[in-house]
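> Just to be clear, the model below is a prediction. Sequence and coordinates:
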2 protein chains.
Amino acid sequence: MIMSLDREDVPKYLQLASIVREQIKSGELGPRRAAPSELYLSQRYGIARDTVRKAMGLLREQGYVYVVRGLGTFVSPQEDWRE
Amino acid sequence: MIMSLDREDVPKYLQLASIVREQIKSGELGPRRAAPSELYLSQRYGIARDTVRKAMGLLREQGYVYVVRGLGTFVSPQEDWRE
DNA sequence: CGAAATTTGTTCGTATGTATC
DNA sequence: TGATACATACGAACAAATTTC
C-alpha cells in the first residue's frame, strides 16, 4: 500500500503514526518483527528524523512498538496495544 | 598540511569533506591507497564518528572514495571522480 | 580452526539551533 | 508563546566483514 503524507491540516508526525499504527493493526507488520527504522521512514516519507521519532514515540506510548537500543524498533504483541 | 575545522558558518561534515577531497585531488592521498579510518579522523579533528561518516559518505557519492566493509575506505582512481 | 582486533554498517538516545505558523 | 519541522552534532550499543595471530 503506497502511502504519503499529504494532509495539509494534520501534523506530519500524526499522519505517520496513523500509517504505521494501521500497518501494525492490519498485521502487515507482525509482532516481534522489526518495525521500519527511523532512517528508512525519514527517507521513505521525505521527512526529518526528528519528526519520525515523534511519531514512533507516540506509538511506543500507545504500546504498539518497543525499542531495543542499538538494535531497532519492534512491533509489540497485540495484548500490549493500549488504544 | 595541518588543517582544522574552524569555520563557524560551515557544517563540520562539509569542512571535513573538503579537506579530504583536496588531499585526494592533490595526490597527497593516492589512488587505491587507504584513506584515513573513521576512528582516526574523528580523533584527529575532534569530532564524532557520525560526523565523519557524513563527510565520507559525501565523498563516496562523489566518487572520490570507495569502501570495503571490514577493511576500510580507499581512494578511487581519478576517472571515477564526479565533481 | 577460533579468538581478538580493526573497520565499516545500522540503529536509537539526546541536545542545540533555526525557521515557520 | 507554543507546536511543528528540519539540520547538525555527539553518544552509545550492537552487527557484520576482514585480517591477523
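Yep, that arrived. Numbers count the residues shown, from 1 in each chain, chains lettered A, B, ... in the order given.

> Contact residues of chain A facing DNA strand D?
Within chain A, the positions lying close to DNA strand D (Cβ under 7 Å from any atom of the strand) are A:11-14, A:46-51, A:54, A:69-71. The way it works is simple: take the backbone N, C-alpha and C, and place the C-beta from them, glycine included.

> Just the buried ones from those?
A:Lys12, A:Tyr13, A:Ile47, A:Thr51, A:Lys54 (16 or more other Cβ atoms under 10 Å in any protein chain shown).

> pLDDT (mean, whole number) over stretch A:44-60?
What stretch A:44-60 shows for mean pLDDT is 97.

> what residues does that stretch touch?
A:4-5, A:12-14, A:16-17, A:20-21, A:24, A:35-36, A:38-39, A:41-42, A:65-67, A:73 (Cβ atoms under 8 Å, 6 or more residues apart in numbering or on different chains).

> Buried ones among those residues?
A:5, A:12-13, A:16-17, A:20-21, A:24, A:35-36, A:38, A:41-42, A:65, A:73.

> residues touching the residue most central in space within chain A, list them.
Centroid-nearest residue in chain A: A:Val20, 4.1 Å away (criterion: Cα atoms, centre = their mean). By Cβ under 8 Å, 6+ apart, the residues touching A:Val20 are A:Leu29, A:Ala35, A:Pro36, A:Leu41, A:Ala55, A:Met56, A:Leu59, A:Tyr64, A:Val65.

> Tell me which of those residues fall in strands.
Among these, the ones falling in strands (DSSP state E) are A:Val65.
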